[in-house]
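# Attaching a predicted model along with its sequence, questions to come.
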Amino acid sequence: GRTRKTVGRPMFPMLTDALDQLGYETKALDYSQWTPQALARHKMLFLAEDHSICYNRVFAKGSPFRDNVLEYVKNGGSLLLVVYTGITTNAQARLIREFGTPLGASISWGGVAYDPKHCGFGDPLQIRSHTISSHEIGRGIRNVQLYVNRPMSLKKNSPLVPVVLTNPGDERQPGKAVIAAGTYGKGRIVLCSDLMWLQPFRIEKDDNARCLMNVLEWLLRKEISEKTKENFRKDLFITMEKLETENSVVQTF
């Protein structure tokens, strides 16, 4: 975080809740503690970027951070990266630039995706993807609600393959990866150019909750039953419907 506090758990409550429900302990560590010895004790790593400047010190010249993480994945670990790639000043997609280079992934030129025919909230910048690949992560998914984002370009030799893409009719960025997955050495990586799809008030839309469960199933190499996936979707602890109901009760009272 910008304050150098470890903010992973409170900033990503739906991911934390999903992992808790699957029986995993989650912890947030300052980047200086991401040593090879510490990383080896973890089943999966999660990195998120809503503000690029705080990563300047993480990737400063001479920092072993990126190499430590990639070596962890090569040795069989799993990595989930989510990045805000919208149009604000500090959205520089530093994680995609740093980790995308050895993975053959980069932010696509052409601006943010724009799809008036397939969007949510009446906003053509908040596209709804119905273009899902046959990858394991895409199993059972018909639509994913996304936030404002610039999708990714993948090189032909990239170990990543697109899983969720912008739709073919997108007016600026047709058929580009928003969520991509692949193997790197013995490990697995999921890279997302949208930070919000797994967050409150997005995860309840379309098949977003199932998408998160599929991502975790693949990264953790853990079979998750259909019942568990459905229960997670139905029992999200915070949704717009629940907030509106609570506000209605308060006003009535």
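Received, thanks.
# now the residue nearest to the spatial centre of the chain, nearest residue through space, not along the chain?
The chain has residue 82 as the residue nearest its centroid, 3.6 Å off, counting by CA atoms, centre = their mean. Nearest in space to residue 82, with sequence neighbours left out and distances taken as CB to CB, 6 or more residues apart in numbering, is residue 192 at 4.4 Å. (Each C-beta comes from the backbone N, C-alpha and C, glycine too.)
# okay, now that neighbour: neighbour count?
Residue 192 has 29 neighbours, counted by other CB atoms under 10 Å.
# Report the next helix or strand after the top strand by length along the chain in sequence order.
Taking DSSP state E as the criterion, the chain has its longest strand at strand 177-184. Counting by DSSP states H and E, the next helix or strand C-terminal to strand 177-184 is strand 187-192.
# Mind listing what's buried along the longest strand of the chain?
Within strand 177-184, the residues that count as buried by 16 or more other CB atoms under 10 Å are 177-182, 184.
# try stretch 232-240
Buried residues in stretch 232-240, counted by 16+ other CB under 10 Å: 232-233, 236.
# JSON lines please, covering the residues you listed and showing pLDDT.
As requested, the buried residues of stretch 232-240 are exported to JSON lines (pLDDT from 0 to 100):
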{"residue": "232", "pLDDT": "97"}
{"residue": "233", "pLDDT": "96"}
{"residue": "236", "pLDDT": "94"}
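# In strands only, show me those.
Per DSSP E, the buried residues of stretch 232-240 never map to strands.
# Out of these, list just those in helices.
232-233 (DSSP state H).
# could you dump the buried residues of stretch 232-240 to JSON lines with distance to residue 92?
Output for these, formatted as JSON lines (distance: CB to CB, whole Å):
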{"residue": "232", "distance to residue 92": "33"}
{"residue": "233", "distance to residue 92": "33"}
{"residue": "236", "distance to residue 92": "31"}
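# and of the buried residues of stretch 232-240, the nearest to residue 201?
residue 236 (10.0 Å; CB to CB).
# helix, strand or coil for the closest residue to that closest one other than its chain neighbours?
For residue 236, ignoring the flanking residues on the chain, the nearest one in space by CB to CB, 6+ apart is residue 204 at 5.6 Å. Under DSSP: H, G, I helix; E, B strand; the rest coil, residue 204 falls in the coil class.
# show me where the stretch 151-253 of the chain has helices.
208-220, 226-234, 240-252 (DSSP state H, counting those that start in this stretch).
# Please report the distance of residue 118 from residue 182.
26 Å (CB to CB, to the nearest Å).
# One more: residue 26?
24 Å.
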